[in-house]
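[1] what would the 3D arrangement of this be:
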Amino acid sequence: MSQNIEYAAHQGFRIAALSRAAITPTPDGQVEALSSVAYFPFNRATIEKLSVDTGAPEPLLNARAKLLDAWKGVMAVARGNEILLLQTSLRELLVPKGKKLLDPKESLKCVAWAIDPQTFGPLLLFAGDQAIIYAWDPISNKMKGIMRGHGGPIYDIAVLPTNPFIFASASRDKSVRVHDLTLQASSTLLEAAWPITASTKRPQSERGGRQGRGQLEPKDMIGAIGGPFGSQVSSSLGGEGLGSGKCFLILRGNSKGSGGHNASVLAIAFHPSEPFIATAGVDNCVKIWRVPEIRALAAPRRLIVQDKPVFSSSCVHESYVTSIYWLSPDVLASKSCGPNATVVLWKWLELQRFSPKDLNASVRHLPTDYNDNS
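    Here you go, the predicted structure:
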């Protein structure tokens, strides 16, 4: 039976309402933990930006904006193998709006909102223990995409603020994969230009600085069976997926000479305006990576693999880091767990070094701080 509880104001804050209508116990009386929540973040400004890029006429822009307005205040909650949609309001109690069930073996860990590049309507992204990313259209109740590639459970999903067709995922396989929803899983990207194999390596004179392309051992090469370093997933595993969504960038770790994570990546965050991704993980590290600048509707044509961030430190926290956020262009907040759990606000001092307006995103020879910083 539905039970709604009102809470009194406390020190200036008030919980509008709490609903247990959609949180039903299992047959054995247990209620599965809620693992992730995401409010619908998009509005007319989002559509106006995308419509300018596509040259959409005013009537179409208005129709798209109206479609998004209907989802204002909707909260998506991941619990076990299901997604709950709740409508929230300061004047109304939480009302169950919908539910999506998955394979019973699935245990979801993260959920995020994106925009469907075909309909410009809401698209819900979620993933978990099965290492599969789902792209679900809550209006039509259809799966628009199923993406494979990670070699372990997926712990976090983040959508690019300036382009809601692009998102990143973090995994136990020590890597971050960035996907483009405008690409189909069946589409083909050129082979990764980095790292290179012994047969295609260039002379030392053509390599640059501390990020020079040294000879790699076989275990460091890009595999063809998926997982943290995979450019393509074996067809015996079902390929890279179905429908919308394809990986075009891998931030990898756990390889010889790599500056990436050497344990599970638990959290990721896109910079609000510049081409950077912040990551955090079980190795107690926080890292910042510079990625190619991504413009709306400018689909990538080549898989990119990076293994050296522009900043890395294990000194911010003494235990594993579970959350990271950008609070301003150069200030971040990160949270760790465990016996020495802390929340730290810290400033990245080299934003201007790696983000000058005239810096070509393809330049790889700029020395980075991928070694541990104190």
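[2] quickly find the element holding residue 178.
    Here residue 178 sits within strand 176-184, counting by DSSP states H and E.
[3] which parts of the stretch 101-250 of the chain are strands?
    108-115, 122-128, 133-137, 142-147, 154-159, 166-171, 176-184, 241-251 (DSSP state E, counting those that start in this stretch).
[4] got those as JSON lines, with mean neighbour count columns?
    Using the backbone N, CA and C atoms, a C-beta is placed for each residue, glycine as well. Shown next, in JSON lines, are the strands of the stretch 101-250 of the chain (neighbours: other C-beta atoms under 10 Å):
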{"stretch": "strand 108-115", "mean neighbour count": "23"}
{"stretch": "strand 122-128", "mean neighbour count": "25"}
{"stretch": "strand 133-137", "mean neighbour count": "23"}
{"stretch": "strand 142-147", "mean neighbour count": "19"}
{"stretch": "strand 154-159", "mean neighbour count": "24"}
{"stretch": "strand 166-171", "mean neighbour count": "26"}
{"stretch": "strand 176-184", "mean neighbour count": "24"}
{"stretch": "strand 241-251", "mean neighbour count": "23"}
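[5] out of these, which is closest to residue 46?
    strand 108-115 (7.1 Å; C-beta to C-beta).
[6] related to what we said a few turns ago, need the strands of the stretch 101-250 of the chain in CSV with distance to residue 40, can you?
    Shown next, in CSV, are these (distance: least, C-beta to C-beta, whole Å):
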stretch, distance to residue 40
strand 108-115, 5
strand 122-128, 6
strand 133-137, 14
strand 142-147, 17
strand 154-159, 12
strand 166-171, 15
strand 176-184, 17
strand 241-251, 19
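[7] how about CSV for those strands, with mean pLDDT added?
    Listed next are the strands of the stretch 101-250 of the chain as CSV, based on pLDDT from 0 to 100:
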stretch, mean pLDDT
strand 108-115, 95
strand 122-128, 95
strand 133-137, 94
strand 142-147, 92
strand 154-159, 98
strand 166-171, 97
strand 176-184, 93
strand 241-251, 92
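[8] which one of those strands lies closest to residue 66?
    Of all those, strand 122-128 sits nearest to residue 66, with 12.6 Å by C-beta to C-beta.
[9] hey, C-alpha coordinates of the closest one in PDB?
    Extracted in PDB, the C-alpha atoms of strand 122-128 (Å, rounded to 0.1, in the frame of the first residue of the first chain):
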ATOM      1  CA  PRO A 122      14.500  12.200 -23.300                       C
ATOM      2  CA  LEU A 123      16.800   9.200 -23.300                       C
ATOM      3  CA  LEU A 124      17.800   7.300 -20.100                       C
ATOM      4  CA  LEU A 125      21.200   5.700 -19.800                       C
ATOM      5  CA  PHE A 126      21.900   3.100 -17.200                       C
ATOM      6  CA  ALA A 127      24.400   0.300 -16.500                       C
ATOM      7  CA  GLY A 128      25.700  -2.000 -13.800                       C
END
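[10] give me the contacts around that strand.
    Contacts to strand 122-128, defined as C-beta atoms under 8 Å, 6 or more residues apart in numbering, come from residues 35-36, 40, 42, 67-68, 71, 74, 76, 78, 83, 100, 106-116, 133-139, 144, 153-154, 157, 159, 167, 169, 181.
[11] how about a cut-off of 7 Å?
    Strand 122-128 has contacts (C-beta atoms under 7 Å, 6 or more residues apart in numbering) with 40, 68, 71, 76, 78, 83, 106-116, 133-139, 144, 153-154, 157, 167, 169.
[12] now it against strand 133-137, angle please.
    Counting by axes from the mean of the first three to the mean of the last three C-alpha atoms, to 10 degrees, strand 122-128 points 150 degrees away from the direction of strand 133-137.
[13] report the inter-axis angle for strand 122-128 versus strand 154-159.
    Orientation of strand 122-128 against strand 154-159 (the same axes, to 10 degrees) gives an angle of 160 degrees.
[14] sheet-wise, list the partners of strand 122-128 with their directions.
    Applying DSSP bridges, strand 122-128 is found paired with strand 108-115 (antiparallel), strand 133-137 (antiparallel).
[15] how about CSV for the ones you listed, with distance to residue 174 added?
    Formatted as CSV, the strands paired with strand 122-128 follow (distance: least, C-beta to C-beta, whole Å):
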stretch, distance to residue 174
strand 108-115, 16
strand 133-137, 17
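[16] remind me which residues of this structure are low pLDDT?
    Residue ranges of the chain with pLDDT under 70: 1-31, 51-55, 89-99, 190-238, 255-257, 295-301, 356-374.
[17] domain ranges for it?
    33-148, 156-179+244-374 (automatic domain parsing).
[18] among those, which is the most enclosed?
    domain 156-179+244-374 (a mean of 19; mean count of other C-beta atoms under 10 Å).
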